[in-house]
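Q: Dropping the sequence and predicted coords here.
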Amino acid sequence: QVKLVESGGGLVQPGGSLRLSCAASGFTLDYYNIGWFRQAPGKERDGVACMNSRDSSTYYADSVKGRFTISRDNAKNTVSLQMNSLKPEDTAVYYCNAWWVRNDFWGQGTQVTVSS
């Protein structure tokens, strides 16, 4: 069964850090492009960061550049998102995504809340 399962979300104070992880099962991530998206209440799902499978080039939304880092560990079949200097506007459900050719897999999401 193909699955992506996120973990690591939670409540953090402004300025704090969180590390989200996404574990893949039922397929190997090696050939897949990977990404993290987020959706705040009442808003559309937006891309946060992604990494190309071919050359590991990365893209970051302007709002998170310099604060978030996407990474992958093909040996462990996992994807991570290191989030530093968190702001209240980073509050959202964060989703892991892996796509390649016609395959497009999503996790169930993990809540991140930034509040004092």
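A: Yep, it's here.
Q: From here on, just use CA atoms for contacts and neighbour counts.
A: Fine.
Q: do you know how far the nearest residue to Ser116 once chain neighbours are set aside is from Phe27?
A: For Ser116, ignoring the flanking residues on the chain, the nearest one in space by Cα to Cα, 6 or more residues apart in numbering is Gln13 at 5.0 Å. Gln13 sits 36 Å away from Phe27, going by Cα to Cα, to the nearest Å.
Q: Check Tyr95 too.
A: Distance, Tyr95 to Phe27, by Cα to Cα: 18 Å.
Q: ok, now which ones touch Lys3?
A: With contact set as Cα atoms under 8 Å, 6 or more residues apart in numbering, Lys3 has these partners: 23-26, 105-107.
Q: Surely Glu89 is within a helix?
A: Yes. When classified by DSSP: H, G, I helix; E, B strand; the rest coil, Glu89 is found to be part of a helix.
Q: neighbours around it, how many?
A: 12 (other Cα atoms under 10 Å).
Q: cool, Gly35 as well?
A: 25.
Q: Would you mind checking the average pLDDT for the host helix or strand of it?
A: Applying DSSP states H and E as the criterion places Gly35 in strand 33-39. Average pLDDT, strand 33-39: 97.
Q: quick one: contacts of that strand?
A: Strand 33-39 has contacts (Cα under 8 Å, 6+ apart) with 45-53, 70, 79, 81, 92-100.
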